[in-house]
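Engineer: Mind folding the following:
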Amino acid sequence: MSNDSPRIVIARFSQHTLKKKRMHDLTKLLFSALLLHGCHNVQVETVPLFNDLGDHRYPIATSSTAVQRYFDQGLILTYGFNHAEAARSFRQAYRLEPNCAMCYWGEALVLGPNINAPMDPSSVPQAYASAQKAMTLADSVSDKEKALIQALTKRYVKEAPADRAFLDEAYAAAMREVAQRFPDDPVILSLFAEALMDLHPWDFWTKQGEAKPWTAEIVSTLEQALAIDANNPLANHLYIHALEASPFPEKALPSAQRLPALVPASGHLVHMPAHIYIRTGRYRDAILANQQAVKSDHGYLSHNHTESIYTLAYVPHNHHFLWAAAIKTGRKALATQAAADTASKVKPELLREPGLDGTLQHFSLIPLYTLALFGEWETILKEPLPAADLLYPKGIRHYTRGLALLRTNQAEPARQELAQLEKILNDPAIAELKVFDLNPVASLLRIGSDILSGELAAASKDYDKAAAHLKHAIELEDGLNYTEPKDWYLPPRQVLGAILLEADRPQEAELVYREDLRHHPQNGWSLYGLAQSLREQHKNREADKIDTQFRHVWAEADVELTGSRF
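Structural biologist: Just a heads-up that it's a prediction; the model follows:
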């Protein structure tokens, strides 16, 4: 790959990862051509003013309507995590008015870290220069603007340090002071909350549903902002992220319902409600949100042909999320198309890129996962071999072939596929691969190994052994770090429930399905299995109620179930 090719940053850093890896060997993950693609070609850069970005305004010290419009556009694009496009707007604003302090502030802001990516070290000089330029112009702005500029100068130094955590902490502390000074400004409150979230990205709740020590301040700050302005796009966006992994994601439903209409041309903001809908069992709403997000992004991409994190990560994320919602409701054709669209966004030349490989290989596998989910066994057996060095795709191919062979009455070849999968799990190279820098692909392959082992045992009527394997798979999946869509395509409880029913153990199956419905509310697969388990216990009245729920969820399905897994 040539040095000037844009490359994608799709790494979500847990708190543990940030503390131990922040700024460590980030050249593997971060590339200046991505966020700053075209940054220095300002002479030829054409920056449009987009339609349908809402009417959110944040007045700054300028007498130019055009400068204010570009600044507002940059801020709104920042709210929607389209940081590269936001930077273009801020640059256009200060080109029109070289003494616009807040325009330089905006550029410096978006060059920093966010909850989905740490800072590109090569962006440090530009971020520092823009922050310092804003500071030199700060005497001509309002006290509020000056406070924001002063706080941002705490975030950057001239040269990238080995560990920038102290800078991000200093910025968050400075923003706390700004928020205390201007407690009635929802933009400042939201920016402060984001600064706190950037210190602990995707690490707001324990697996037991308890808030982390820093979460309460984040949530209360966002609630304070929303109480002042319920239509602030950033506050609504961040509130969804802050609560989606909590025990009460429904608290963010008002934000989910408001957000799409606030910034209809921002694909990511239009998509964001799906993070709450999928956690509350509103799969049809999640489908609609992502379909609309795809349309919004199509409009944006028709005017923009520059690759960025947004185009290479956020755009396919909408297709991936659409797939995740469709499979919960039995919409096979829709899921199949969404899977193909997700995989089509992957650039084959990046499949081996250090830091990107696990995630992009995962995206490329969504079609194969879909075939396995819907029992397309003959198609799976015709799938071509992946390249020998692509261990994750190879492992999933062995797993899915093993299932396909078993379902077509070829148990011994299925065991051979399991043996090949185990060989890959014993390869030290597999330990290096992660999806979104959160979950090791080895954990996903181990879940697959346990499921295939359990299915083989069940086929031999050794149901105790099968249940033991599935319970281990459940333990592994429950131990994965939170992400949406979930990294493993098939909840192992749905497999265990089906096997327990085969073993004539409906009481145990009922408990398993109820627990799966706690993790995946109203998903059709477990509703179907739960109704089966109840009917086998002669709890017909209760089974009828669950059947009614199932028919509602499955109303638009194009696949019929005979169990909770094929």
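Engineer: buried residues in stretch 455-463?
Structural biologist: Neighbour-count burial for stretch 455-463 flags 455-459, 463 (criterion: 16 or more other Cβ atoms under 10 Å). The way it works is simple: take the backbone N, C-alpha and C, and place the C-beta from them, glycine included.
Engineer: From these, which land in strands?
Structural biologist: With DSSP state E as the criterion, strands contain none of the buried residues of stretch 455-463.
Engineer: Turn these into CSV, columns for distance to H268 and pLDDT.
Structural biologist: Supplementary listing: these in CSV, determined by distance: Cβ to Cβ, whole Å; pLDDT from 0 to 100:
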residue, distance to H268, pLDDT
E455, 38, 99
L456, 42, 99
A457, 44, 99
A458, 42, 99
A459, 44, 99
Y463, 46, 99
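Engineer: Next step: the residues you listed restricted to helices.
Structural biologist: Among the buried residues of stretch 455-463, the members falling in helices are 455-459, 463 (criterion: DSSP state H).
Engineer: May I have the phi/psi pair for D516?
Structural biologist: Reported as degrees, to the nearest 10, the phi and psi values for D516 are phi -60, psi -40.
Engineer: list the contacts for it?
Structural biologist: By Cβ atoms under 8 Å, 6 or more residues apart in numbering, the contact set of D516 is 491, 493-494, 497, 523, 526.
Engineer: nearest to V178, of the buried residues of stretch 455-463?
Structural biologist: Within the buried residues of stretch 455-463, the smallest distance to V178 is 56.9 Å, found for E455 (Cβ to Cβ).
Engineer: can you tell me how far the spatially closest residue to the closest one that is not a sequence neighbour sits from D450?
Structural biologist: In space, E455 comes closest to L406 once its chain neighbours are excluded; the distance is 5.8 Å by Cβ to Cβ, 6 or more residues apart in numbering. With distances taken as Cβ to Cβ, to the nearest Å, L406 is found 14 Å from D450.
Engineer: ok, now A473?
Structural biologist: For A473, the distance to D450 equals 4 Å [Cβ to Cβ].
Engineer: can you list the ones in helices among the buried residues of stretch 455-463 in TSV and add distance to E107?
Structural biologist: Converted to TSV, these look like this (distance: Cβ to Cβ, whole Å):
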residue	distance to E107
E455	54
L456	57
A457	59
A458	59
A459	61
Y463	62
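Engineer: out of A473 and D450, which sits in the more crowded spot?
Structural biologist: More neighbours sit around A473 than around the other of A473 and D450, counting by other Cβ atoms under 10 Å; the figures are 26 against 23.
Engineer: Tell me the pLDDT of that one.
Structural biologist: Model confidence at A473, expressed as pLDDT, equals 99.
Engineer: hang on, it in a strand?
Structural biologist: No - note on A473: no strand contains this position according to DSSP: H, G, I helix; E, B strand; the rest coil, which reports helix.
Engineer: Hmm, E455 and it touching each other?
Structural biologist: No - the criterion here is Cβ atoms under 8 Å, and A473 misses it with E455 at 10.6 Å.
Engineer: Next, show the common contact partners of the two.
Structural biologist: Contact criterion Cβ under 8 Å, 6+ apart; residues shared by A473 and E455: V495.
Engineer: what's the closest non-adjacent residue to the most centrally placed residue in the chain?
Structural biologist: When the chain is reduced to its mean C-alpha position, the nearest residue by Cα atoms, centre = their mean turns out to be E484, at 5.1 Å. Leaving out its chain neighbours, the residue that sits closest to E484 by Cβ to Cβ, 6+ apart is H275, at 5.6 Å.
Engineer: got the contact list for the closest residue to V110 other than its chain neighbours?
Structural biologist: Taking Cβ to Cβ, 6+ apart, and ignoring the residues beside it in sequence, V110 has H83 as its nearest neighbour in space, at 4.3 Å. For H83, the contacting residues are 35, 77, 110-111, 114, 308-310, by Cβ under 8 Å, 6+ apart.
Engineer: Return the item of those residues having minimum pLDDT.
Structural biologist: Comparing the contacts of H83 by pLDDT, L35 comes last, at 41.
Engineer: helices or strands next to the strand or helix carrying H469 in the packing?
Structural biologist: Element membership of H469, judged by DSSP states H and E, is helix 463-478. Identification of packing neighbours for helix 463-478 by 3 or more Cβ pairs under 8 Å, 6 or more residues apart in numbering; DSSP states H and E yields helix 441-459, helix 492-502.
Engineer: For these, could you give me CSV that also reports distance to E376?
Structural biologist: Compiled in CSV, the helices and strands packed on helix 463-478 are given as follows (distance: least, Cβ to Cβ, whole Å):
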stretch, distance to E376
helix 441-459, 16
helix 492-502, 17
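Engineer: Which stretch among those helices is buried most, on average?
Structural biologist: A comparison of the helices and strands packed on helix 463-478 by mean neighbour count, using mean count of other Cβ atoms under 10 Å, puts helix 492-502 on top with a mean of 25.
Engineer: what's the angle from that helix to helix 441-459?
Structural biologist: Using axes from the mean of the first three to the mean of the last three Cα atoms, to 10 degrees, the inter-axis angle of helix 492-502 relative to helix 441-459 is 10 degrees.
Engineer: distance between the ends of stretch 154-161?
Structural biologist: With Cα to Cα, to the nearest Å as the measure, the ends of stretch 154-161 fall 13 Å from one another.
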